[in-house]
Every structure is written in structure tokens, then in C-alpha cells.
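Enquirer: Pasting the sequence and the predicted model now:
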Amino acid sequence: MSYVRPTFRHPELPKNKLGYTIDYYEGSLSTLCAGCGHDSISAAIIQGCYEMNIEPHRLAKLSGIGCSSKTPAYFLSNSHGFNSVHGRMPSVATGANMANRDLIYFGVSGDGDTASIGMGQFVHVIRRNLNMVYVVMNNGCYGLTKGQDSATADEGSKNKTGHVNLFESIDLASLAIELGATFVAQSFSGDKAQLVPLVKAAMKHPGFAFINVISPCVTFNNNVGSTKSYDYVREHIEATATMDFVPQMQEISVDYGKGSHKHVKMHDGSIIELHKLSEDWDPLDRQSAMNAVLNAKAKNEILTGLLYVDPDSHDLHHLLQTNDKPLNSLGKADLCPGSEALKEINAGLR
Amino acid sequence: MKPTNIKDPEYFHKVVDCQYACPAHTPVPEYIRLIAAGDYTSAYMINWDSNVFPGVLGRTCDRPCEPACRRGRVDEEPVAICRLKRVAADNKNDVKHLMPQGPFKQNGKKIALIGAGPASLTVARDLAPLGYELHLFDEQKKGGGFMRSQIPSFRLPETVLDEEVNYILDLGIHTHFNKYVESMKDVLSKDYDAVFVGTGAPRGRDLPDLPGRKEGAANIHLGINWLGSVAFEHTHKIGKKVIVLGGGNTAMDCCRTARRLGGTHVKVVVRSPFAEMKASPWEKEDAAHEDIPIIDNHVPKSFVVENGKLTGMTFEKVTAVYENGKRKLVPVGGPDVFFEADDVLIAVGQENSFPWIERDLGIEFDKWEMPTVNEKTFVSTNPKVFFGGDSAWGPKNVITAVAHGHQAAVSINNLCQGIDLNKRLDPMVNLVSQKMGIHEWSYDSEVTPDLRYKVRQADKKLTLSNRKKEVELGFNHLEGFKEAERCLNCDVQTVFTETKCIECDACMDVCPTACITFAENKEEEVDLRASLKMPANNKTQDIYVSDVLPTKRVMIKDENVCLHCGLCAERCPTAAWDMQKFFYNVTKTHTGCQKH
Ligand SMILES: Cc1cc2nc3c(=O)[nH]c(=O)nc-3n(C[C@H](O)[C@H](O)[C@H](O)COP(=O)(O)OP(=O)(O)OC[C@H]3O[C@@H](n4cnc5c(N)ncnc54)[C@H](O)[C@@H]3O)c2cc1C
Ligand SMILES: Cc1ncc(C[n+]2csc(CCOP(=O)(O)OP(=O)(O)O)c2C)c(N)n1
Ligand code: SF4
Ligand code: SF4
Ligand code: SF4
Ligand SMILES: [Mg+2]
């Protein structure tokens, strides 16, 4: 029985700039069902962090409850982690981020965790533009509790028991755009070529970066008639663009001037390189992004790739003008200014 | 690339690196699992069927399997395959009743086997149960060939050799020991249906032109003759100061034997650099352990004889220079070096010699006086005469002699049954799923991180004072179990069924050694190899390519560092991957696929 992964790795694994091979970014062996889309997303996160030379102690994984929310156990064992309660990951992330802005906050949630019980927290963390990555592993069902329809299950989609969903689905990507999210993307667990650069770009985005990843539940929602199955998604997938993420300092060899090439410069100098597939869409224009999503939906297509980005985004710390140092690095004098200062404040409130 | 044809038995055979590298293709992982399970008897019998001398080989084999072992590519050292074989041999129960039981119904055919080394003995074992009348000739007083006369008892106890030689002789072989065959013409004039020549490479190379060779002759010995004379108890001592010339395994056996016969200052002097010596690394280690210095880069120049008595040798110091991949030993200049010696043992190589085979019998010899032998059938240019072991292509080792013996036996059987020598049966193969449950296999799929276990040795004081005291103690049960667990079970194959795959990538993501990639196919193998998740740079290892999948991609698996851990198959939701045990048994006279 294999509950442990062998310790041997490919002897020729390349090292990243920090001198780590990719296995340094692994987690423990997954206990999810064999073939679960979520595991592929974990693999994409591992790949992205390795390629971005992330120091594992500089990243915190946050999640709620669900098969999806279990995945932080399966990647980045050397990072911080907080597995919170159902639907409450955003508030824990907000607290952590407010206390220490120096970490990368990587949130993982499910469609149940986000679009049902956690909907309140979700919309508010978007409004606040908290600097974090928020990945929804979207399988259209509550996998962990045995596959009940979730709020993202499409109307008319059939689950494993043959039950047809009667309700309109919540489209998380258009909701995020609507609410003012500054980085919105959509992808498919089975498309690492697209997902890895999206994860990398999201980690570089200075604000709320949302990625809705369709991730088939192989056990409860991969049947004929489901709109979240491997087969259905593959047949209906349509990408905005093929993309690549070019970190800062790296030389750019492509000429972006002509044709459908476009590059988006991130505030730290890194670049999202896009080869656009749909003409009337502009990733910098919220309205056109919204249209593109709605048009695709009308054609029963699942639009993937980067949908919208605001490279000039200002995160919550900026808006609140908080101290730029993490609280744990401040001394007693800063954190506790004394009774004189308190008196002054109290006087100001009279 | 075209999809891999896994129906060809050679594809999966090649994945079992150790078995593939073994000249006799012993099913290594199968016997290692049996050792782990404590079934030493079955482990022994699998070996006995393939390599005939498990107890001997478990102590002395040249181990071509170990450098090939997959574990050596992911871990520091390969599995101790050879010494595990000894565990089976040492701990087995009675095996005789599991072997073919004579007397056998005679088939009326009569075969002469010249020389009683491992090659001839293997032919005898394979043919006896089929009813052949077998006549085995050797000039020595007992069977075993060089295994008896050359391999010293401190590496191979006589009892172990006797046991395994006797298993064969007890099959009803007519032995003619103490009988040197002087004329092949004579043999061919008798009513033999076929003759097998297994006379080895019995002549030690000398240094006849070195000054002082004649004058010092009384104290200069040819290594293999000297070892033989020690083995047969004609020689009991040697001088205190001994120089051994040569860098092969014979030199190692000479110096270690000299240490046991009174040599207190024994040194090995070799022309080549230490790293390029022919001796196996472990033989060099054992010599060092017995306080024998190895002095490299010294070319012998003369024997120094004073007052009719050898006093030592002079050497010229050289250095190795490489030009176009060719090595040249260039003198470094300076005065010659003198080493004192009471005796010198020359172990600088062996040669074949066939003075007893007349050259007008239709047996063709080339300009190096070597017989022309067919590499597959082992027949010479005389259709009734076969060669095998060291006599065919010069000195090799025991396991190669055994492998030759099996194939020569198939040929001799074909000849006697009137079947074309080239019409050989296919190997016997079997491929069976090991699945028992979602996370359960009928083999131990877990991969232990343990490093290779060391074989303990007896106290040096004891071993150096008694030349028959075996140096190695062998693994005990627990060590044997733990070492056996290091085997990666490379015979449990990853078998892919493309029609079942839903392309969820789970196998690719979980594989610890990045063996699996789903990607677009490429025309050329080099391009496909380069495009994988981890480029498949080890060209000696195959890549396994599937047919086209629904997304137009193919599955490509690099066999190179697959741990056979079964995780891909455990993670696959549709059982598109399965772990299947592949058993491959080389065609012998008694095995082979009979479906023709
Ligand atoms: C010092 C030394 C150590 C070695 N150690 C190892 C080792 O550790 N492991 C290993 O795998 N290999 C070892 N070898 C090599 C191995 O012994 C041989 O490769 C192997 O024994 C060859 O087998 P064979 O059947 O071809 O012939 P041999 O074993 O050489 O047997 C040939 C027999 O034929 C007899 N013979 C020859 N001519 C005649 C004739 N005209 N009439 C009658 N009889 C004749 C000889 O007396 C001899 O007994 C060693 C060799 C040497 C010299
Ligand atoms: C407060 C609370 N309510 C209900 C549950 C039961 N519960 C556990 S997981 C889950 C749904 C998870 O669905 P999703 O977030 O889509 O994750 P998935 O398993 O599909 O990846 C529910 C309702 C709970 N754990 N806590
Ligand atoms: S129940 Fe569904 S979502 Fe949960 S692990 Fe299994 S396949 Fe994945
Ligand atoms: S058995 Fe499968 S998972 Fe394990 S190393 Fe081999 S290919 Fe990878
Ligand atoms: S795990 Fe199985 S179904 Fe999934 S990609 Fe691999 S072989 Fe195909
Ligand atoms: Mg879900």
C-alpha cells in the first residue's frame, strides 16, 4: 500500500535560482480520489512556485473546507498554512495580511466554500482588494460531502445520481469582474500550459487575484450530462489568448506591436505576454472582459485564460495607509505608544 | 514515433535491467522477492534453473547485473544482487527432490564434453534429463574447471562447489577425470553424435623476454598455474616478499593467496593507472583490506637475480596519456624503481590454446588460433563440434560460460533431433496483473530509502592464517530481507491502455521521478525524448509511447528511472495504468514457448 511517496527523484532535476529542485515545493501524498482535478491544480501551483523562485517560508497557504480546501496539504510543505472553517478563509487571510504584508497569501477554496457558505466573505474580500491569490477549484458540487449540487452547477447539468440541477448557476468570474476584482482569470485543471503562467502572474499581482479553475470531480460529477466533466469541458473550452508570464529582468524577444499580440506590464516590471485569440477583447478593459465572458456563456463555451487585469491596482494596505512593516517587526514603542498618546486619542473623540 | 509494441517480449525484458544484463538472463527480481518472503528454496531453484551454480555465483559472480541495476541510477549503490543469491543458497532446504529425477529414459544419442568447467557442466545438466548419454572429460581429478583450480577457497569453499557440481554429476553423467584429451581426431572417430568443447582458456601469459626471466625461473611463477597448484595442494608456501604482476582478478587472487601462504610483504604492481585496472572494484578493496598495496603506472623492466637467486625486479615509471581516445603509457623519466622480492607471480593475462585439436578436421581457426564459432548456435565449422565458455572467444567468467552452455545444449538437441539449429523456440513469457485492491498490490510496492547493506567479513587474523577460511560471512536473514527490500521490482511493469485513459494527468503529477508525460507526438525519437517533462537523456533506456489519445496527444513514459512504485496505477481513476508482473525465461532445452 502506498501512503508515502518514495523519496527518490529524477537524478537530473534542474535547480531554480534559489538552488531548490522542484521536490522542495511538494506536499504530502494526496488523499483525494484518484484522478481528481484538484491534484492537477496542486501540481500547477508547485510548478509555478518553483519557477518563480518563491522562498517557501515567504508564502502562506489559506483554505476553508472541502476536498479543494484540503489541497494545501499536498503542496508546499515548507510553507505556512491555515486550514480555516467553511467559507471563512477570506477573513483569516485578511487578518494575516493586515498583520504581515511581506508574505504571499495563497488562498484555495471550492465552489461550495466560496459560492455558498462563503459568498459573503468572498464578495467583501474582492471589494477590499486584499493582496492575495484566490483559487477556486470549481467542480460544480460539494465533493467532500459526496457530491451534492453546488451553486456553480449549471442549470440542466446532470449529476452522478441522474439528478438534474434546476437552478441558475453563479458565474464566479463575471461576479468577480462585476465587483471590481483587479485580476480575474479562468482555467481548466487539465491545461497546465495555461494554468501555470496564470498562477505565476497572480502571485505577482499587487491586489486581489482570482482564478476560477474548472476541476472535474472524478467521483461525483464526471458523468455524461454533467457540464463539469473532463469530456464536456474539453469540448467546450475556448481560450481568450495563449499566454506566457515573463518575470522581470528577463529579456523580451517578441515584437508586441503588431497582430493580436499584447503584453501587459505588471507594476514590478514583469510582463504577461498574450497571443490573443478573440479580437474584440481587451484584458485591460473591464467592459470588454465582461462582454467576452457573457458572449462565451451564451454560446455554451467556457472562456479560459486571463480575462481582466488592472496593472495599476492598489491593495488594501495602500487604501488604508497602514504601516509598511509587519507588526511582528515593530518594537514595543511603536505598538504601544503609551498613556499620553492614548489620552490624546481619547481627547480627540470627546 | 510509432506506438511501442509491448507484445514483443524484448521490450519489457529490457526494462528488467538486471535480468537483461545477466548473460543467462536470471529472473533476478523474482528471486529477490522470494528471499524477502523467506522462501529461500524457491529462490534457489529459480537461480538453479537459470545459472546452474547459485551458491558459487552468489560468492564469485562478476555481477554484470549490478552496474545495470536501476537502483544505482537513483540511489548511491545498486542492489547487492549477487550476495542475495548467496542468501538463497545458504538458507535453502533440501532441493534435490525439486531437480530432474533420474534415471532418465535414454534417447540413444551420445555426446562428448571436453573439459569439466561451468560451460560443459551446464550442457550436461540441460541434456541429461532428455536422455542423452553424456561423457565428460577433464584432466583434473574432479569437476568444476577453473571454479575449482583458480577461484581460491577463501572466496569459494570447496563444499559449496562440490555440492553444485554433484547435483549435475548425479544426473547420471559418465565422468572421465584425470584424463587429458590429446586428440580431437580420436574423439571424432568414436561414435559421438556431437562434441562440446569447454576447455577454457588454460594458458597463462608469460613475460619470456624480460631480462632475468630464465635465471630467476625457480622463483617466478605463472599466476594460474600457481593458483592451480595451491588448490590441488602441491604448493603450500611462498617467500615473505612477493610481487604480483598484473591488474586483473587473477592478480587479486594471487596476491591474497600469497598473503595466506607466508607472504608478509605482498604487493601488486600494475602498468596501468589504478582506475583502469581490470579487477572489479570489490576485489581491489578486498586486497587493500589485507594490507596489499597496489602500485600503479609501473612497467616491469627486469628480474634482478644475484648469485643465482631472485632478489627483486626493476620497473619504469610511466604516466597515461590519451590521444584520440587511445591510451599510451609514456615514461616519466628518472631512474628505474627497484622492488625486493623472494617470489614473483605473473598474472598478466590468459590465452586459449588448442594443441590437441588437429587442423584437418573441418574446424576452422583464425589467425589468432581461435576457432570460428557461431554466436547464436555455438557451432563451429564442423557441424558436430560446438564450443562454449572461455574456449569460444577467450576468457570471460562463469556466468557467461553457463549462458553459452544453455544455448549450446539447445543446438546439440536440435542437431540430434534433426531440427535446424536456427529454429529455436521463443522465450517463455508471462504478464499478469498484480492488482489486489485500490492501494494493494501482490508485490511490496513501497520503495525503501535504505542504503546498500555491507557484507560482513570474518576476522582478518583468522582468514589470513587459513587459506580455506571463507572471508565473507554473507548476509544474515534480517540483512538479507532488508537488502532484498531495496529491489525496485523492475519486472512489475507499468502497462498502459490508451482506450481507458481520460487524460486527467494524475499519473503524470504523482510520479515521483517524472517518468510520464502527455504531449504531442514527434516524428523523430530524439525530438520526442527532448520534449518530455524531464528530457529522456539516457539513450540506453527505451521510451514507451502510446497510441493517439482523444486530445491528439500521446502518453510517453521514460523507463529510465521508474521506481515501479505503482503510484501511477494507484492514482489512475480508470485503471489505464496497471502493474503487471512480467516473467521471462530464456529458451533452454527444457523451457521455451511451445506454441510453434
Ligand atoms: C584466478 C581466476 C579467478 C577467477 N575468478 C572468477 C570469479 O570470481 N568469478 C567468475 O565468474 N569467473 C572467474 N574466473 C573466470 C572463470 O573461472 C572462467 O571464465 C570460467 O571458469 C570458464 O569456464 P569454462 O567452462 O569455459 O572453462 P574452465 O572453467 O576454464 O574449465 C576448463 C576445463 O577444461 C580442462 N581442460 C582443458 N583442456 C583439456 C583437455 N584437452 N582435456 C581435458 N581437459 C581439458 C581444464 O583442466 C579445465 O578444468 C576466474 C579465472 C581465474 C583465472
Ligand atoms: C459550517 C459548515 N457547514 C457545512 C459543512 C459541510 N461541508 C463540508 S465540505 C462542504 C462543501 C464543500 O464543497 P466545495 O467547497 O465545493 O469543495 P469540494 O469538496 O467540492 O472541493 C460542506 C457543505 C462544514 N464542514 N462546515
Ligand atoms: S470527491 Fe470529487 S472533489 Fe473530492 S477528491 Fe474525490 S474527485 Fe476530488
Ligand atoms: S511506477 Fe509509475 S509512478 Fe512509480 S515511478 Fe514508475 S511511472 Fe512513476
Ligand atoms: S491517471 Fe489514468 S486516466 Fe489519468 S491521465 Fe494517467 S493514465 Fe490517463
Ligand atoms: Mg466543489
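Expert: Great, that's in hand. Ligands and ions are numbered 1, 2, ... in the order given.

Enquirer: and A:L198, backbone torsions?
Expert: phi -60, psi -40 (degrees, to the nearest 10).

Enquirer: Report how many residues lie close to it.
Expert: Number of residues near A:L198 (other C-beta atoms under 10 Å in any protein chain shown) recorded here: 27. C-beta here means a position set from N, CA and C on the backbone, and glycine is covered the same way.

Enquirer: Check what pLDDT it gets.
Expert: Turning to A:L198, the model gives it a pLDDT of 96.

Enquirer: Grab the nearest non-local neighbour of it.
Expert: Residue nearest to A:L198 in three dimensions, not counting chain neighbours: A:A185, with 4.9 Å by C-beta to C-beta, 6 or more residues apart in numbering or on different chains.

Enquirer: Which secondary structure state is assigned to that neighbour?
Expert: Here A:A185 is strand, with the state taken from DSSP: H, G, I helix; E, B strand; the rest coil.

Enquirer: quick one: contacts for the residue of the stretch 301-450 of chain B found nearest ligand 6?
Expert: Residue nearest to ligand 6 within the stretch 301-450 of chain B: B:I438 (22.2 Å; C-beta to the ion). By C-beta atoms under 8 Å, 6 or more residues apart in numbering or on different chains, the residues touching B:I438 are A:A34, B:E570.

Enquirer: phi, psi of it?
Expert: phi -60, psi -50.

Enquirer: residues contacting the residue in the stretch 151-300 of chain A positioned nearest to ligand 1?
Expert: Here the residue of the stretch 151-300 of chain A nearest ligand 1 is A:K192; by C-beta to the nearest ligand atom that distance is 50.3 Å. A:K192 sits next to A:S40, A:A43, A:A44, A:Q47, B:D505 when contact means C-beta under 8 Å, 6+ apart.

Enquirer: want to try a markdown table for those, with pLDDT as columns?
Expert: Formatted as a markdown table, the contacts of A:K192 follow (pLDDT from 0 to 100):
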| residue | pLDDT |
| --- | --- |
| A:S40 | 97 |
| A:A43 | 98 |
| A:A44 | 98 |
| A:Q47 | 98 |
| B:D505 | 94 |
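
Enquirer: Which strand or helix spans B:A112?
Expert: Taking DSSP states H and E as the criterion, B:A112 maps to strand B:110-114.

Enquirer: quick one: average confidence on that strand?
Expert: Strand B:110-114 comes out with an average pLDDT of 98.

Enquirer: so what strands line up beside it?
Expert: Within its sheet, strand B:110-114 is paired with strand B:133-137 (parallel), strand B:194-197 (parallel), according to DSSP bridges.

Enquirer: before we move on, the earlier item: what about the residue nearest to A:L198, how many neighbours?
Expert: When neighbours are counted by other C-beta under 10 Å, A:A185 comes out with 30.

Enquirer: Touching, B:F387 and B:S380? I think so.
Expert: Yes - with contact defined as C-beta atoms under 8 Å, B:F387 reaches B:S380; the gap is 5.7 Å.

Enquirer: Looking at the two, which one has more neighbours?
Expert: B:F387 (28 against 23).

Enquirer: what do B:F387 and B:S380 both touch?
Expert: In terms of C-beta under 8 Å, 6+ apart, B:F387 and B:S380 are both contacted by the residues B:V197, B:P371, B:V373.

Enquirer: so which of the residues you listed comes closest to ligand 5?
Expert: B:V373 (47.5 Å).

Enquirer: Double-check that the closest one belongs to a strand.
Expert: No - counting by three-state DSSP, B:V373 is located in no strand; its state is coil.

Enquirer: Now it: phi and psi?
Expert: Torsion angles, degrees, to the nearest 10, at B:V373: phi -130, psi 140.

Enquirer: Low-confidence regions, the chain specifically.
Expert: No chain in the question, so chain A it is. For chain A, the stretches with pLDDT under 70 are A:1-2, A:248-260.

Enquirer: meant chain B actually
Expert: B:592-596.

Enquirer: Go through it and flag its longest strand.
Expert: Longest strand in chain B, counting residues (DSSP state E): strand B:309-323.

Enquirer: Which SSE is immediately downstream of it?
Expert: strand B:326-331.

Enquirer: what's that next one packed up against?
Expert: Counting contacts by 3 or more C-beta pairs under 8 Å, 6 or more residues apart in numbering or on different chains; DSSP states H and E, strand B:326-331 packs against strand B:309-323.

Enquirer: So what are the sheet partners of the strand it packs on and their directions?
Expert: strand B:298-306 (antiparallel), strand B:326-331 (antiparallel), strand B:337-340 (antiparallel).

Enquirer: got the ones you listed as JSON lines, with mean neighbour count and distance to ligand 5 columns?
Expert: Shown next, in JSON lines, are the strands paired with strand B:309-323 (neighbours: other C-beta atoms under 10 Å in any protein chain shown; distance: least, C-beta to the nearest ligand atom, whole Å):
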{"stretch": "strand B:298-306", "mean neighbour count": "18", "distance to ligand 5": "59"}
{"stretch": "strand B:326-331", "mean neighbour count": "11", "distance to ligand 5": "49"}
{"stretch": "strand B:337-340", "mean neighbour count": "15", "distance to ligand 5": "65"}
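
Enquirer: Centre of the chain to the longest strand of chain B, how far?
Expert: 32 Å (C-alpha atoms, centre = their mean, to the nearest Å).

Enquirer: can you check stretch B:288-299 too?
Expert: 25 Å.

Enquirer: for stretch B:40-55, same thing?
Expert: Worked out by C-alpha atoms, centre = their mean, stretch B:40-55 lies 14 Å from the chain centre.

Enquirer: The longest helix anywhere in chain A and ligand 6, are they touching?
Expert: Looking across chain A with DSSP state H, the single longest helix is helix A:37-51. No - using C-beta under 5 Å from the ion, helix A:37-51 stays clear of ligand 6, with a minimum separation of 8.8 Å.
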